[in-house]
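Enquirer: The sequence isn't on hand, but the structure is:
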């Protein structure tokens, strides 16, 4: 069965310190994994995605994520937080539906707070 | 600029009313989706469409209806049968139907509140 778990509902960091948002997944097949960011009252914007190429994926705004199959994890990191990074982040797993259709599952989200 | 336009941004519904949320995309995507977002929860799929004149129920389709008469348009009607419609609604699209590696692009969302 396919699932995605974001391990923290809230993360608080100080500006200039590293960010770590954790995501674990389960998938029956080789999945694609995504991180999206959502600012208040806005749609979701793609930060980065993994599609079975390089396991370390670089995204926009200095974010990156590493796919670790042995740990079934896809954690999102950034070396130095900026105030503008404060938002909600969603980890997403997607796979082809071998019985037809598709399966895309969104995590519950992690709210990132950045303190000045 | 290419993108997805949702309207209205804010909508109020009276008890027993049907309301329609508009979604237009100029990305030339075949697949379109409607998601519902409630506070503290992830997105839940209401309906999706792979191609014009075809659509499929998602995980929470009860109380909703859609149409896909044009490639660029995928309106969502929230009917009076939806007992708890207050939520943030997100329209999205992808090329083609989302699966391995296909990015889903989102509109800015619409807030629906029951009054």
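Expert: Arrived safely. This is a predicted model, so every value here is computed, not measured.

Enquirer: Contacts only, for the residue positioned nearest the centre of chain B.
Expert: Taking Cα atoms, centre = their mean, the centroid of chain B lies closest to residue B:34, which sits 2.6 Å from it. Listed by Cβ atoms under 8 Å, 6 or more residues apart in numbering or on different chains, the contact set of residue B:34 reads B:21, B:23, B:45-48, B:58, B:64, B:66, B:74, B:76, B:89-92. Heads up, the C-betas are built off the backbone N, CA and C, glycines and all.

Enquirer: nearest spatial neighbour of it, skipping sequence neighbours?
Expert: Among residues not flanking residue B:34 along the chain, residue B:46 sits closest, at 4.3 Å (Cβ to Cβ, 6 or more residues apart in numbering or on different chains).

Enquirer: Likewise for residue A:86?
Expert: That would be residue A:114: by Cβ to Cβ, 6+ apart, it lies 4.6 Å from residue A:86.

Enquirer: Repeat that for residue A:30.
Expert: In space, residue A:30 is closest to residue A:52, 5.9 Å off (Cβ to Cβ, 6+ apart).

Enquirer: what do you get for residue B:63?
Expert: Nearest one to residue B:63, counting by Cβ to Cβ, 6+ apart, is residue B:82 at 2.8 Å.

Enquirer: which element is that neighbour on?
Expert: Per DSSP states H and E: residue B:82 is located in neither a helix nor a strand.

Enquirer: Likewise for the one 10 residues further on?
Expert: Residue B:92 is part of strand B:87-94 when elements are defined by DSSP H and E.

Enquirer: in its sheet, what does the helix or strand just after that strand sit against?
Expert: Using DSSP H and E, the next helix or strand after strand B:87-94 towards the C-terminus is strand B:105-106. Sheet pairing of strand B:105-106 (DSSP bridges) gives strand B:87-94 (antiparallel).

Enquirer: what bridges to the residue nearest to residue A:86?
Expert: Beta-bridge partners, per DSSP bridges, of residue A:114: residue A:13.

Enquirer: for residue A:94, same thing?
Expert: In beta-bridge terms (that is, DSSP bridges), residue A:94 pairs with residue A:32, residue A:104.

Enquirer: Mind jotting down where the strands sit in the chain?
Expert: In the absence of a named chain, chain A is used. In chain A, the strands defined using DSSP state E lie at A:3-6, A:10-14, A:19-21, A:23-26, A:32-38, A:44-50, A:56-58, A:64-68, A:73-78, A:87-96, A:102-106, A:110-115.

Enquirer: The chain in question should be chain B.
Expert: Counting by DSSP E, the strands of chain B are B:4-7, B:10-13, B:19-25, B:31-37, B:43-51, B:54-57, B:64-66, B:76-78, B:87-94, B:105-106, B:110-114.

Enquirer: Fine by me, we can end here.
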